[in-house]
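Q: Sequence and predicted structure, then a few things I'm wondering about:
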Amino acid sequence: MKNFIFACCFFIPQSPLLAQSKIEKIILLEKQRFAAMVNKDTMFLKSVLADDLLYSHTSGDVDTRESLIKSIAEKKLDYQRMELTDIAHRFYKKFAILNGTMSISLISNGKPLELKIKYLDVYRKKGRQWQLVAWQSARLN
C-alpha cells in the first residue's frame, strides 16, 4: 500500500509536466515544419508530412504530400516567411489538432502574395513520430 501511495504522489504532480512536454513538442514540430517550408528542406518535410496528407490552400487548391513537396522544391510555392501569431491545441489519443493565425509571404507561380490566414492542422502519432495528415487554411485579408 505504501508503494502505491508513493507511486501516486510521484506520478500525479508530473502529469501536467508530461502534458506540457507533449504540447511543447508538437508546437516545436509545427514551427520546424514552417521553417522547412521556407528553407525548402524537402528531407524534413518528407519525414513530417504523412503519406496520405491533404493540404487545402486558401485558394481552394488541394495538395498531396508529393505535390506539395514538389511545388516547394520547384519554387512554384516559394514561401519567404511564415510567422505564427497565435496557436491553440487539443489532443485526442493519437491525434493533435492545432489551430492558429499566421502571416505568410510567398511567391506563388511567380506572383508575390502577402497573406494573413487562420488554419487548422491535424497531426497523427505514428509510432513515436507525429505526422501532419491534414491542413486547412482560410484567408483573413
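A: Yep, it's here.

Q: tell me, what residue is most central in this protein?
A: For the chain, the residue sitting closest to the mean C-alpha position, by C-alpha atoms, centre = their mean, is residue 30 at 3.6 Å.

Q: hang on, isn't that residue packed against residue 122?
A: No: counting by C-beta atoms under 8 Å, residue 30 does not reach residue 122; the two are 11.7 Å apart. For every residue, glycine as well, the C-beta is placed using N, CA and C.

Q: contacting residues around residue 31?
A: The contact partners of residue 31, taken as C-beta atoms under 8 Å, 6 or more residues apart in numbering, are residue 84.

Q: which phi and psi does it have?
A: The phi/psi pair for residue 31 (degrees, to the nearest 10) reads phi -70, psi -40.

Q: Please enumerate the helices of the protein.
A: Assigned by DSSP state H, the chain shows helices spanning 2-11, 15-39, 42-48, 65-73.

Q: and the residue nearest to residue 106 when sequence neighbours are not counted, how many residues sit next to it?
A: Nearest non-adjacent residue to residue 106, counting by C-beta to C-beta, 6 or more residues apart in numbering: residue 79, 4.7 Å away. Neighbours of residue 79 under the rule other C-beta atoms under 10 Å: 19.

Q: same question, residue 107
A: 14.

Q: pLDDT score for it?
A: At residue 107, the model reports a pLDDT of 96.

Q: residues touching the residue lying closest to it once chain neighbours are set aside, list them.
A: Distance criterion C-beta to C-beta, 6+ apart; nearest residue to residue 107, sequence neighbours excluded, is residue 78 at 4.1 Å. Taking C-beta under 8 Å, 6+ apart, we find residue 78 in contact with 72, 106, 107, 108.
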